[in-house]
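Asker: Sharing a sequence plus its predicted fold:
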Amino acid sequence: MMKLADIVEKLKLSVEAAAGKLDAEVENGYVSDMLSDVIANSRKGDLWLTLQVHENTVAVATLKELAGIVIIGGKQPADQTREKAEKEGVPLLASDLSAYELAGRLYNLGVGRKG
Amino acid sequence: MSLCVFKADLHLHTCLSPCGELEMTPMKIVERCRREKLDTVAVSDHNSAKNVAGVSAAAGDEGPRILAGMEVSTAEEVHILALFDRAAEVLTLQDTVYNHLLPGRNDDELFGMQVVANENDEVEYFEYRLLIGGTTLTVEEVVGHIHALNGLAVASHVDRGSYSLISQLGFIPEGLALDALEVSPRGDLEEVKKLPGAADFPLIRSSDAHRLDDIGRVWTEWTVAEMTTAEMRLALKNQEGRKVVSRMKTA
C-alpha cells in the first residue's frame, strides 16, 4: 500500500481537484474506460486510470470508494467533473502518460504487486 | 386534428454505415418497410446523413414517411440517435459532426464500404470520412445540438453492453435532456426501466437494422396526429392524448 500523495509526487501527476484528500491509501489500480465495467469490477481503494473526462466518473469513484481518478493521455477533465470531484472530495489527477505506461509505473512502485 | 396510430421503426442503417450490409439500399429498404407495413422509419447512419435523400426519394409520396436521422458517436463512445422532420436539419447537424469527427480515412476492407446511393439504388459515390470512429463532441453537446435544431435526442440501445449511455457512463447523467431511451430488439423493457436513472424517461423500441431481415422485428406505435417531431414529443410526454407503445414480433 502506498499513500496517494507519494504516488502524485513520484509520477508527477497534476492535481485537478480535492488536493486535500491525498492522504488516502492506494491498495491497487484499475484501468477501464467503460464506467459500467468500473462499477462492476473495481474495488475499494483502487486508483482508477481512465480517459473518460465526464462528471459521471466522480459518482462512480464515490460509489466504489476508489482512492482517486487519474485522467490519462494529457486530457483535461471537464469543468463540471472538476467541480464535482472537489465537492465530493474525490482526488482528481491527470497525467500526460498513456494508461499503459502509467499502469506500468504504478506497478513498478509496488502498487497492486503480489509477492 | 384526429389522432391515429402509426407503426414506426426509428433506427435504420443503410449501406452508408460501414457496418450496414450493402443490401441496405434505398429501394430495398423502402420495399421491405412497405411489406412490414411501417408507416414511418428513420434513416440513421453512423455520423452521416448522406443517404437520407436517397431513401426519402425512393419512398416518394407512397411512403413510408422518412424521418431525417443520424446516430452520432460521442466522445465517450455513446451512441445518440438524432431524429428530425427535415433533411436540412440533419444536414446542419452533419456539418457539426463532420467538423468534430476523429481524423482518418475509411478502409473498405477493414470496416466496410460507405456507399451513398440514389433512389434508383445506383451508387452516387463513396464516403471516405471515417464514420466508424467517434467524434470529440460530448453527450451533452450532441443533445444540445440536436435540440437547437428542433430534433429529438434518443439514447441508442441503452440495454446493450457496448456504445450505450449505460455501458460507457454507468448511469444516465444528471440533467441530460434526452427525449427517450431506445431499447434494442433483444432488450427487456422491464429490465431497462430498472437501469439507474431510466425510470424518468419514456422508452421506444427500434430495430437498429443493419440488414433487411432486421426491419420489422420490433417497432413502436405512436398515437399522434401526424409523425412530426412536435407530435412525437407530446407522445413521449404522454400529453394531449398522444402516447407511445413498444411492440415486437412474437415468434
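Answerer: It's in.

Asker: now for the longest helix along chain B, which elements pack on it?
Answerer: Taking DSSP state H as the criterion, chain B has its longest helix at helix B:87-99. In terms of contacts (3 or more C-beta pairs under 8 Å, 6 or more residues apart in numbering or on different chains; DSSP states H and E), helix B:87-99 is packed against helix B:52-59, strand B:65-73, strand B:79-84, helix B:139-148. No exception for glycine: its C-beta is placed from N, CA and C like everyone else's.

Asker: what comes up buried for that helix?
Answerer: Neighbour counts over helix B:87-99 (16 or more other C-beta atoms under 10 Å in any protein chain shown) mark B:87, B:89, B:90, B:91, B:92, B:93, B:94, B:96, B:97 as buried.

Asker: Let me see the contact set for whichever residue of chain A sits closest to chain B.
Answerer: With C-beta to the nearest C-beta as the measure, residue A:35 is the residue of chain A nearest to chain B, at 3.2 Å. Counting by C-beta atoms under 8 Å, 6 or more residues apart in numbering or on different chains, residue A:35 touches A:52, A:56, A:57, A:60, B:167, B:168, B:169, B:170, B:171.

Asker: got the phi/psi numbers for it?
Answerer: Here is the backbone geometry of residue A:35 (degrees, to the nearest 10): phi -70, psi -30.

Asker: How about it: what's its closest non-neighbour residue?
Answerer: In this structure, residue A:35 finds its nearest non-sequential neighbour in residue B:170, 3.2 Å apart by C-beta to C-beta, 6 or more residues apart in numbering or on different chains.

Asker: Contacts only, for that neighbour.
Answerer: A:35, A:36, A:38, A:39, A:56, A:59, A:60, B:196.

Asker: hmm, which two among the contacts of residue A:35 are most spread apart?
Answerer: Maximum pairwise distance among the contacts of residue A:35 (C-beta to C-beta): 14.3 Å, between A:57 and B:167.

Asker: Identify the residues contacting stretch A:106-115?
Answerer: With C-beta under 8 Å, 6+ apart, stretch A:106-115 has contacts from A:2, A:7, A:10, A:11, A:26, A:27, A:28, A:29, A:47.

Asker: For stretch B:109-126, what is the distance to the chain centroid?
Answerer: When distances are taken as C-alpha atoms, centre = their mean, to the nearest Å, stretch B:109-126 is centred 19 Å away from the chain's centroid.

Asker: Pull out the buried residues from that stretch.
Answerer: Using 16+ other C-beta under 10 Å as the test for burial, stretch B:109-126 gives B:112, B:113, B:114, B:115, B:116, B:117, B:118, B:119, B:121.

Asker: Okay, helices next: where are they in chain A?
Answerer: Listed in chain order, the helices of chain A (DSSP H) span A:4-10, A:35-41, A:56-63, A:79-88, A:99-108.

Asker: which of those helices sits most buried?
Answerer: helix A:56-63 (a mean of 22; mean count of other C-beta atoms under 10 Å in any protein chain shown).

Asker: got a list of contacts for that one?
Answerer: A:35, A:38-39, A:48, A:50, A:66, A:68-69, A:81, A:84-85, A:88, A:90, A:92, B:169-171, B:173.

Asker: Likewise for stretch B:178-187?
Answerer: B:10-11, B:81, B:143, B:152-160, B:165, B:172, B:189, B:192, B:198, B:201-208, B:214, B:217-218, B:233, B:236, B:244, B:246, B:248.

Asker: if we go to 7 Å?
Answerer: B:11, B:81, B:143, B:152-160, B:189, B:192, B:198, B:201-208, B:217-218, B:233, B:236, B:246, B:248 (C-beta atoms under 7 Å, 6 or more residues apart in numbering or on different chains).

Asker: on that earlier part again, can you pick the most crowded of the contacts of stretch A:106-115?
Answerer: Highest neighbour count within the contacts of stretch A:106-115: residue A:47, with 29 neighbours (other C-beta atoms under 10 Å in any protein chain shown).

Asker: ok, residue 12 - contacts?
Answerer: I went with chain A, as the question did not name one. Listed by C-beta under 7 Å, 6+ apart, residue A:12 has no contact partners.

Asker: that's the other chain; I wanted chain B
Answerer: B:29, B:41, B:42, B:43, B:44, B:207, B:209, B:215.

Asker: what do you get if the cut-off is 6 Å, keeping everything else the same?
Answerer: Shown in contact with residue B:12 (C-beta atoms under 6 Å, 6 or more residues apart in numbering or on different chains): B:41, B:43, B:209.

Asker: which non-adjacent residue is nearest it?
Answerer: residue B:209 (4.9 Å).

Asker: what do you get for residue B:241?
Answerer: In space, and not counting its chain neighbours, residue B:241 is closest to residue B:3: 5.8 Å by C-beta to C-beta, 6+ apart.
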